[in-house]
Every structure is written in C-alpha cells, then in structure tokens.
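Student: no sequence on this one, just coordinates:
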C-alpha cells in the first residue's frame, strides 16, 4: 500500500499520483466554475484537471471523504502539494482499490459467468483468474496510480447490459464511461454500430424508431446530467478545451504505436505541422476502424463476441494511429482482449504480456520495476502451464533480452532512448501481428458462415 508510485519524491511536479490527489484538492476547495480555469489558486500547468466532469465529481467525493475522516492535510489548498505521507498513500490506494471492488471486478465476474455460459466451471475459473490477475491494470492503477478501472468497468458493464439486450442501460453506462475519461471514445464506434444493429433487428419499423429515439434520449439525458452544472455556470467551454488537448504532441513519452515506433526513422513532427498531423491521424484512425465496424454492422447476427472483437479492433486502431496517445492507453485494447480470451487464449494472453512489457520504461522510471518483475513472472508461469507453446516462449525470450540490455548496458550518448525504442518497436510489432492474425481468423469465420 505504501510502495513507490509515479513521481515519488520528484519535485516540483511529481507524477500521476500527485495529479489524482491534486484534483481532489482543487475540487473540494474551489467553486465548480474554477475547476478547469487557470487562476492563482488553480495553476493548470501544475496537473490541471483534463478529464470530463465525472472524473471531477469523483475527485470531489474522494476529497470530501478525506476531510470527513479528519485527514484535511491531504487536500489542503496549496499546502498539500507533493504530500507523500503514509496516510496520503493509504487513502489514495484505498480509493483505487474501492474502484476495483465496486466497479471493475464485479463487471468481469458478471461477464465470465453470464457471457461464457458454454464454458466449464474450471474454464470459467481459469478465465476469471486470468482477467483479474493480468499485471497491466494492477501496475498502472495501483503502482503508477490512476483510476482506469472506473472507465473500463463502466464500459464493461455496458457490454454486460447488451448481453440481455438492455440497449438503454448500455447506452447510459457507456455515456458515463465517456464522461469519466474521454479515451472511452476508443470504444464509441463499436458500441454505436452494435446498438444500431440490435435496433435494426427489431421486428417492425415502428419498434425500431421507438428504440432508436429511446436510446438517443438516454444518451442526451446522461450527458445533460453530467454537464448541467458546468452549463449553468457557463464554463462548459473551459472543460472542452482541457479534455481535448490538440495543442499537445503526437504522443506522450514513448508509446508502442505506429507514430512513435516509426519516428526513429521518420520525423513526423518535422515533416508536418500540428494541424496536418491532426488531420492525418484522424483519417488513418477512422479508415483503420472501418473493417471492424463493418464486421459488426453487416454480420448476420449481433453476437457478443462480435462486439468484443469490434471493441478490440477499433481501440487498437485508435491506439496505433490517433493523436496524443499515452503509453497507458494500451489498457483500452486490453479490456476487450480479455473478453476474447476464450476464443483466442494464446493470442490474447500474449497480447496481455506484451501490453505490460510495452510500459516497462514507464515502470522503470516510476521505480516499481520489482512489482513489474514479480507480476510478469507469476503471469508467465500461469500462462505457460496452460497455454504455453514455442512461439510464446520465443516472444517472451525477446522481452527478457531487451530488459537485460536495458538493465546491464548504457545506451550510446548520441542515442539515449535507444533501448526504450527497442522495447516499443518490439511491442508494436507484436500488437500489429496479433491484431492482423485475429482479424484474419474472424474474416475466415465470417466467410464460412456465409457459405453455409
């Protein structure tokens, strides 16, 4: 509970741990119309709020709890900056754990129990253990420190609602996910086309129109409730400017996506202006999403596995090609990858491990590499005992070699990030190959169904 985290003892900005705490400080001490606005009391250059309203409300709630239990120093305005007391760590890590316990873990359990009905009890238990114990989310949310489990959990609950054709509930839940973290946009196209497909399957034209209107109104109402306080205060525009950072770079730090992995050979930022890169990334992202959306919309049946595959494919497209991607964003494709474990056990377990490995430079920088090594070893032993094969061993061997090089050798002074680029390029190649392989298999299955 009190281990290191991002930015530990690294003044003056610290890291994501301090960012999450600082948002609690800001929201409980300043009026709502100042949460997203730069001022003498709210320096946006110092971890200003840059997530949608639901994150701000969650920060406010956590801050109020800290005040209620008497730990006022954790959220004291200005004087709490950089606070790293034992109570602070216990409180912050408890909030992340509660998010897991109340949102993400129940969503995973529900999915395994009710969407994987054909699986045996042993298979369900294995699947559940694999989903809950994969290292990436544990290391990011509880090591590096963030609240990804809320956004991902709400999206997964939306998937669960669709199992029983509850389109309105699913729309509300996904809208809440989107209002917690804007990165849930990675899932927007698959959800939209899947729900549209379900509406189309209604028996009559009138029932289709009614359901379409109901779904649309539920989305509008959810957004209205989340944004109403900011609309009343006249500061919704300030929120939008913060949550869509078009003034930032093509990617954050070193990311195992197309743009960063190829930047060692092609200097994208030198070839194009920011405005041009915004257009290029938008076009490449949307074009790469088309096959996965078409797979959902044009299929004979709207099965849950088709939705999971669409979520995986589109989120990978966004991760690979969209603008300003963080290394932690790999968690978004990882969630639907877990939903495909029963269909592609080897591929998705390998994807999970490479996803964790792709963030190795981040964990190394955070000083939580020991937790990383332990979790990776445990996951490796578990996977090899069930799904392991020679290809898996070869891929894993490559990650070990790169980590040994990073730990034992010093990069050339001219190329200080050489070893980091080895890591992200190796990871990116795996992501491309796994996505291509799974996509090819799904396409072949679709052709077989049409021919039958």
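Tutor: Great, that's in hand. Everything numeric here is computed off the predicted structure, so don't read it as measured data.

Student: who touches the closest residue to residue 417 other than its chain neighbours in this structure?
Tutor: By the measure of CB to CB, 6 or more residues apart in numbering, the closest residue to residue 417 outside its immediate chain neighbours is residue 254, 6.7 Å from it. Placement of C-beta: from N, CA and C, glycine included. Applying CB atoms under 8 Å, 6 or more residues apart in numbering, we find residue 254 in contact with 260, 327, 361, 417, 420-421, 423-424.

Student: if we go to 7 Å?
Tutor: Residues counted as contacts of residue 254 (CB atoms under 7 Å, 6 or more residues apart in numbering) are 260, 327, 361, 417, 420, 424.

Student: Turn those residues into TSV, including pLDDT and secondary structure.
Tutor: Listed next are the contacts of residue 254 as TSV, based on pLDDT from 0 to 100; DSSP: H, G, I helix; E, B strand; the rest coil:
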residue	pLDDT	secondary structure
260	96	helix
327	93	helix
361	92	helix
417	90	coil
420	94	helix
424	96	helix
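
Student: Nearest to residue 54 among those residues?
Tutor: Nearest to residue 54 out of the contacts of residue 254 is residue 327 (CB to CB; 23.4 Å).

Student: Strands of the stretch 51-200 of the chain, residue ranges please.
Tutor: In the stretch 51-200 of the chain, no segments count as strands under DSSP state E, counting those that start in this stretch.

Student: how many other residues sit next to residue 393?
Tutor: 12 (other CB atoms under 10 Å).

Student: which SSE is it in?
Tutor: For residue 393, the element it lies in under DSSP states H and E is helix 390-408.

Student: From the contacts of residue 254, list just the buried residues.
Tutor: 260, 327, 361, 420, 424 (16 or more other CB atoms under 10 Å).

Student: In which helix or strand does the residue nearest to residue 257 when sequence neighbours are not counted reside?
Tutor: Using CB to CB, 6+ apart and skipping the chain neighbours, the partner closest in space to residue 257 is residue 320 (4.8 Å). Residue 320 is part of helix 304-321, with elements assigned from DSSP H and E.

Student: just checking, what packs against the next helix or strand after that helix?
Tutor: Using DSSP H and E, the next helix or strand after helix 304-321 towards the C-terminus is helix 331-339. Contact partners of helix 331-339 among helices and strands, from 3 or more CB pairs under 7 Å, 6 or more residues apart in numbering; DSSP states H and E: helix 135-139, helix 148-163, helix 304-321, helix 345-358.

Student: Now mean pLDDT and distance to residue 394 too, for the ones you listed, in CSV please.
Tutor: Shown next, in CSV, are the helices and strands packed on helix 331-339 (pLDDT from 0 to 100; distance: least, CB to CB, whole Å):
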stretch, mean pLDDT, distance to residue 394
helix 135-139, 94, 20
helix 148-163, 97, 30
helix 304-321, 96, 22
helix 345-358, 94, 10
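
Student: Same list, the ones you listed, but as JSON lines with distance to residue 434 please.
Tutor: JSON lines is the format used below for the helices and strands packed on helix 331-339 (distance: least, CB to CB, whole Å):
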{"stretch": "helix 135-139", "distance to residue 434": "15"}
{"stretch": "helix 148-163", "distance to residue 434": "20"}
{"stretch": "helix 304-321", "distance to residue 434": "9"}
{"stretch": "helix 345-358", "distance to residue 434": "5"}
